[in-house]
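Undergrad: Structure of the sequence below:
(one chain, ligands or ions: 1)
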Amino acid sequence: MEADFLVIGGGLAGLTFALQAAPHGSVVVLAKQPLPESNTAYAQGGIASVWSPEDSFREHTEDTLVAGAGLCHRDVVETVVREGPERLRELIALGIHFSLRPGTEDEYDLGREGGHSHRRILHAADATGAEIMRALVERVRNTPAITVLENHVAIDLLVDAKFDPTIGSPSCWGVYALDRTVSRVERVRARATLLATGGAGKVYLYTSNPDIATGDGIAMAYRAGVPIANMEFIQFHPTCLYHPAAKSFLISEALRGEGARLRRPDGVEFMRRYHPQAELAPRDVVARAIDNEMKVHGFEHVYLDISHKGADFVRERFPTIHARCLEYGIDITRDPIPVVPAAHYCCGGVMTDEHGATTVRRLYAAGEVTMTGLHGANRLASNSLLEAAVFGHRAACHAVALLQADQARPPTYPGWNPGAAVDSDESVVVTQNWDEIRRMMWNYVGIVRSNRRLARALKRISLLQDEIRQYYWDFKVTADLIELRNIASVAELIVISAITRKESRGLHYTIDYPEHDDARWVRDTILTRAEQFAPDQEFLSSLYRRRAEAAA
Ligand SMILES: Cc1cc2nc3c(=O)[nH]c(=O)nc-3n(C[C@H](O)[C@H](O)[C@H](O)COP(=O)(O)OP(=O)(O)OC[C@H]3O[C@@H](n4cnc5c(N)ncnc54)[C@H](O)[C@@H]3O)c2cc1C
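TA: Numbering: from 1, shown residues only. Got it, this is the predicted structure:
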């Protein structure tokens, strides 16, 4: 199959790009599960943007910079904040219904979340992502230039330098993908490719992310020689529902925004001891506080309580959370909710410039798969949907201009060669390695880290990588095997990045270096698979020159 634009991922970033590119050429969207399954579909709280006249771009920028703990790229923050309202107006024009203030017909009900100095979160009750995906998917399915290939798992990028080592500056011409319905690997060739595969929460045992979040785009880009940055900054959401039957159900930050209090099982409130903003402290502070209370006192969970607010308000403001908790016998209008922290958001990822372009020509990235410079060492709540919309749009504009400037067509690449691979009769190896990696990451590379645990994790992940590599080449690819290979690779990137940063900052906290070290560490942690192709040094230095100029 061949198209002008290939989009790998059907969440907010991918579908924004697809709709923007569609008037200019053919678009293929690959998604490894049927749409709308994605992180986007589960977003509850909403999307941050300056909307009220009392708010300002300056304050949204400052809030983002404060959360990012010195590592945000100011120029990127300013761009995203400034372009936010326009992207939101486009989403509204697509038919997305954000909640209105009670009693009004055209005033949006702006929510407030931790770290925001104003109410600026547009939301669709507590199911914002589902509403966004409903409208986007409907529009995409009604756009003839867009072909959606569901149940297609991208395996590896088609990068010309891999096939012809004499090519100095690599270009991407599409991807090999597994059609899981017929177990066949296909080539999808394209003149411009977007990675929009979302996050990597499944690298950890406990996560708020759905099953698709296995870091595939990060691993693919790394294998293609693209620099990956800031992988040590994993955001742990403080409050996932703790119930044996509930799989990764998030209790939104917006509850704390509306006054919910955290309590230990013995009834003691504890947040004020950790931060002056108490429950509205940044997420990393809240997650570490809960982790500490649980570890010091041996509790299996803590409680989040919103029962002091009126029952009608709670039911109306949080209908999904109310209904879901009721399924487990918890009436949140009366009962406190048992919660634990869980891996939630990956601040690091594929390095891009301000257009979503990567060091490989014709390869773009947008959304949670990236490190654009917006989040720095910690993401401000509800800035990620905003980033996906802004960079999905920006990458599409750049890719359209690129394709208009040249008419080059993708080379003909060889079909997938399974070599001597046979059908696996030992899928237990895959499940065993999945479990081992996720448990090891949770125990050794979690909310609080140490040199000793990280060294142990590196040793284990190297051994597992060897075993998985061997298995990968000996047996025919399956979706599980592709994902296992990717989570192992992403786990290794997280561990190496965490070992590299010898200080604590934002989401990276280690007991061996508990303080900031501004003299040495106000910089990104960049990893490149240098032995494959050297990264495009010109791209990297011009990116940093532009950012340094903007910062000055
Ligand atoms: C429970 C939850 C609540 C959240 N709440 C908020 C919130 O309130 N506000 C906010 O700003 N952010 C929130 N986030 C984060 C936010 O939802 C994500 O960062 C954002 O949706 C990412 O969008 P995306 O388009 O980059 O990726 P996604 O929406 O995750 O889409 C990824 C797509 O890539 C596809 N894919 C992945 N790998 C492959 C592959 N190998 N081949 C083919 N396709 C592939 C998937 O099938 C999917 O279609 C929340 C996240 C979760 C999990």
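Undergrad: what residues does the stretch 51-200 of the chain put near the ligand?
TA: Thr128, Gly129, His152, Val153, Ala154, Ala196, Thr197, Gly198, Gly199 (C-beta under 6 Å from any ligand atom). Yep, even glycine has a C-beta here, placed from its N, CA and C like the rest.
Undergrad: can you tell me which of those residues are in strands?
TA: His152, Val153, Ala154 (DSSP state E).
Undergrad: can you pick the most crowded of the residues you listed?
TA: Val153 (26 neighbours; other C-beta atoms under 10 Å).
Undergrad: any weak-confidence spans in the stretch 201-350 of the chain?
TA: Scanning the stretch 201-350 of the chain for pLDDT under 70 picks out no residues.
Undergrad: OK, contacts around the residue in it positioned nearest to the ligand?
TA: Going by C-beta to the nearest ligand atom, the ligand is nearest to Asp216 of the stretch 201-350 of the chain, at 3.4 Å. The contact partners of Asp216, by C-beta atoms under 8 Å, 6 or more residues apart in numbering, come to Lys32, Val153, Ala154, Thr197, Ile482, Glu483, Asn486.
Undergrad: Of the residues you listed - the most surrounded one?
TA: Thr197 leads the contacts of Asp216 on contacts (other C-beta under 10 Å) with 35 neighbours.
Undergrad: Now do the contacts for the residue of the stretch 251-400 of the chain found nearest the ligand.
TA: In the stretch 251-400 of the chain, the residue that lies nearest the ligand is Gly367 (2.1 Å; C-beta to the nearest ligand atom). Counting by C-beta under 8 Å, 6+ apart, Gly367 makes contact with Gly9, Gly11, Leu12, Ala13, Gly14, Ala196, Gly198, Ser384, Glu387, Ala388, Phe391, Gly392.
Undergrad: and those as CSV, adding distance to Ile96?
TA: Output for these, formatted as CSV (distance: C-beta to C-beta, whole Å):
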residue, distance to Ile96
Gly9, 19
Gly11, 14
Leu12, 11
Ala13, 16
Gly14, 16
Ala196, 18
Gly198, 19
Ser384, 17
Glu387, 17
Ala388, 14
Phe391, 18
Gly392, 15
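Undergrad: Up against the ligand, what does the stretch 301-450 of the chain have?
TA: So far as C-beta under 6 Å from any ligand atom goes, the stretch 301-450 of the chain lies against the ligand at Tyr345, Gly367, Glu368, Val369, Ser382, Asn383, Ser384, Leu385, Ala388.
Undergrad: Which members of those are the farthest-apart pair?
TA: Val369 and Ser382 (18.3 Å; C-beta to C-beta).
Undergrad: and these two? which has more neighbours close in?
TA: Set Val369 next to Ser382 and count neighbours by other C-beta under 10 Å: Val369 wins out with 31 against 27.
Undergrad: what sits against that one?
TA: Contacts of Val369 by C-beta under 8 Å, 6+ apart are Gly9, Ala13, Leu195, Ala196, Thr197, Gly198, Gly199, Gly217, Ile218, Ala221, Gly349, Val350.
Undergrad: nearest residue to it other than its sequence neighbours?
TA: The spatial neighbour of Val369 that comes closest, neighbours along the chain excluded (C-beta to C-beta, 6 or more residues apart in numbering), is Gly217 at 3.9 Å.
Undergrad: need the contact list for Arg529.
TA: Counted by C-beta under 8 Å, 6+ apart, Arg529 has contacts Tyr222, Arg223, Gly225.
Undergrad: My read is that the second one contacts Ile155, right?
TA: Going back to what we said before, that points to Arg223. No: assessed by C-beta atoms under 8 Å, Arg223 is found out of contact with Ile155, at 9.9 Å.
Undergrad: So if I had to pick from these two, which one is more boxed in?
TA: Ile155 (21 against 18).
Undergrad: can you tell me how far Arg141 sits from Val29?
TA: Taking C-beta to C-beta, to the nearest Å as the measure, Arg141 falls 10 Å from Val29.
Undergrad: Please apply the same query to Glu86.
TA: 23 Å.
Undergrad: Between the two, which has more neighbouring residues?
TA: Ranked by neighbour count (other C-beta under 10 Å), Glu86 and Val29 place Val29 first, with 25 against 12.
Undergrad: now for the helix or strand encompassing that one, which elements pack on it?
TA: Secondary structure from DSSP states H and E places Val29 in strand 27-31. Under the contact definition 3 or more C-beta pairs under 8 Å, 6 or more residues apart in numbering; DSSP states H and E, strand 27-31 sits against strand 2-8, helix 12-21, strand 146-150, strand 152-159, strand 184-195.
Undergrad: I'd like to know the average pLDDT value across it.
TA: Strand 27-31 shows a mean pLDDT of 98 in the predicted model.
Undergrad: neighbouring strands for that strand, and are they parallel or not?
TA: With DSSP bridges as the test, strand 27-31 is paired with strand 2-8 (parallel), strand 146-150 (parallel).
Undergrad: Can you give the distance of the next helix or strand after it from its chain's centre?
TA: Next along the chain after strand 27-31, taking DSSP H and E as the criterion, comes strand 47-48. Computed by C-alpha atoms, centre = their mean, to the nearest Å, the chain-centroid distance of strand 47-48 equals 15 Å.
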